[in-house]
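Asks: 3D, please:
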Amino acid sequence: MPAAKKQPSGKWAVASITAPSTFLSRVVGTGLQVSLVACWIGGFASPFLAIGAGAAGHKKVVYAYLGIVLSGYVFPSSFRGLSALKDFYISYIFSPFKSSSCHLAWLPNKADPPSMMLYHPHGMFSWGFARGGAWNSFIYNENMCGYVAESLLHAPLFRTWFVQLMGGLKSASKEGLLAAMKRKESIGLIPGGFHEASVSCAGADRVFLKDRKGFVVYALRHGYSLTPVYTFGESETYSQPQGMYKLRFALNDWKLPAILPFGRWWCPLLPRTNVELHTVGGTPLQLPKIDKPTAEDVDFWHSKYVQHLKAHFDLHKGNFGVASGSHKRELEIW
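Replies: Numbers count the residues shown, from 1 in each chain. Below is the predicted model of the structure:
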């Protein structure tokens, strides 16, 4: 993958494109995708499997599980992950896709007011967030960290490999976010969360924002800007059955993903390969600093951000959304 670099002039502050794939890079990339999906799902499923193994008397399985859990907590708090491992993943994990790129109009930096970089849509496994977020060195080194659901942060396997060894991810809990904002650090978030994953639909561009206003409250209290980042093609990586949203949202409220992804025919948990992923970041929407924002303040700036996101989507869908069909669609706000 060509090294990402800041450009002195032009449309993008930074851009990177995955190198044309070869048979070997696709094989390696598929293996890395398997590791991500397996750790993501295995992290949530492993406690139930361990309980079942214990009930069946398989003590060695339980001990192995406890060892995996503890392995995620042996690193000191100062450990920031292995840069070489992040670079390896970013270089190959997107090779199986038809193409992959990241284009950011603005980068978080210490000279400007801090920003929340808001990634849309969540999709099944947030490939766009990985592509243009926490594991990209040009983001990670610019005074920003990615924040994810705490349940995922502590999931066995996922925590050891993708949180501790790769770094770049922290808890999106209230305490974690407030601590970062007091330090004036820029933050990478997927505001739609598991709810947005639950409504993900191939052939549609959907974001779950109508009832997501907490990030606006935090941004107002600390004077942050809001920067939209949209990944065209994310919704095409998987299809899933639609409906039963009341039940799904109830599970989401318990911090559980309620998704039924279907990707490749021979392995539904892996994303489809005939997809072009283009992660495109826009310009910041600066919010005022209001120590005690009213409901009216929050509604006003939430509406402003939704308009800003729609404008960003419409501006770039003609260039980056052709392969996914996004150029013919309107952004749906759920």
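
Asks: and the residue of the chain most remote from its centre, how far is that from Ile68?
Replies: Taking C-alpha atoms, centre = their mean, the residue of the chain most remote from its mean C-alpha position is Gly57, at 38.3 Å. Note on Gly57: its distance to Ile68, by C-beta to C-beta, to the nearest Å, is 20 Å. Where you see a C-beta, it was placed from the backbone N, CA and C, and this is true even at glycine.

Asks: can you pull the alpha-carbon coordinates of the helix or strand hosting Lys86 into PDB?
Replies: Using DSSP states H and E, Lys86 maps to helix 83-92. C-alpha atoms of helix 83-92 as PDB (Å, rounded to 0.1, in the frame of the first residue of the first chain):
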ATOM      1  CA  SER A  83       3.000  -0.300  14.900                       C
ATOM      2  CA  ALA A  84       4.400  -3.000  12.600                       C
ATOM      3  CA  LEU A  85       1.400  -5.200  13.300                       C
ATOM      4  CA  LYS A  86      -1.000  -2.300  12.600                       C
ATOM      5  CA  ASP A  87       0.800  -1.600   9.300                       C
ATOM      6  CA  PHE A  88       0.700  -5.200   8.400                       C
ATOM      7  CA  TYR A  89      -3.000  -5.500   8.900                       C
ATOM      8  CA  ILE A  90      -3.800  -2.300   7.100                       C
ATOM      9  CA  SER A  91      -1.500  -3.300   4.200                       C
ATOM     10  CA  TYR A  92      -3.200  -6.700   3.600                       C
END
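
Asks: any idea which helix or strand comes after that helix?
Replies: strand 99-104.

Asks: ok, for Ser25, nearest residue in space, not its chain neighbours?
Replies: If the residues on either side of it in the chain are set aside, Ser25 comes closest to Ser95, at 4.1 Å by C-beta to C-beta, 6 or more residues apart in numbering.

Asks: Okay, buried residues for stretch 27-35 please.
Replies: For stretch 27-35, the neighbour count (16 or more other C-beta atoms under 10 Å) marks 28-30, 32-33, 35 as buried.

Asks: Can you list which of those residues are found in helices?
Replies: Within those, residues falling in helices by DSSP state H are 28-30, 32-33, 35.

Asks: The residues you listed into TSV, with extra columns for distance to Leu260 and pLDDT?
Replies: Formatted as TSV, these follow (distance: C-beta to C-beta, whole Å; pLDDT from 0 to 100):
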residue	distance to Leu260	pLDDT
Val28	28	97
Gly29	24	96
Thr30	22	97
Leu32	23	95
Gln33	18	96
Ser35	21	93
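
Asks: any idea which of those residues is closest to Phe75?
Replies: Ser35 (18.6 Å; C-beta to C-beta).

Asks: pretty sure that closest one contacts Trp161?
Replies: Yes: counting by C-beta atoms under 8 Å, Ser35 touches Trp161, with 7.1 Å between them.

Asks: ok, so of the ones in helices among the buried residues of stretch 27-35, who is nearest Glu234?
Replies: Gln33 (14.4 Å).

Asks: List the residues that contact the closest one.
Replies: For Gln33, the contact set (C-beta atoms under 8 Å, 6 or more residues apart in numbering) comprises 93, 96, 270-271.

Asks: where exactly do the helices run in the protein?
Replies: Under DSSP H, the chain gives helices at 23-55, 59-71, 83-92, 127-132, 137-140, 150-153, 158, 174-182, 193-198, 214-222, 245-253, 295-320.
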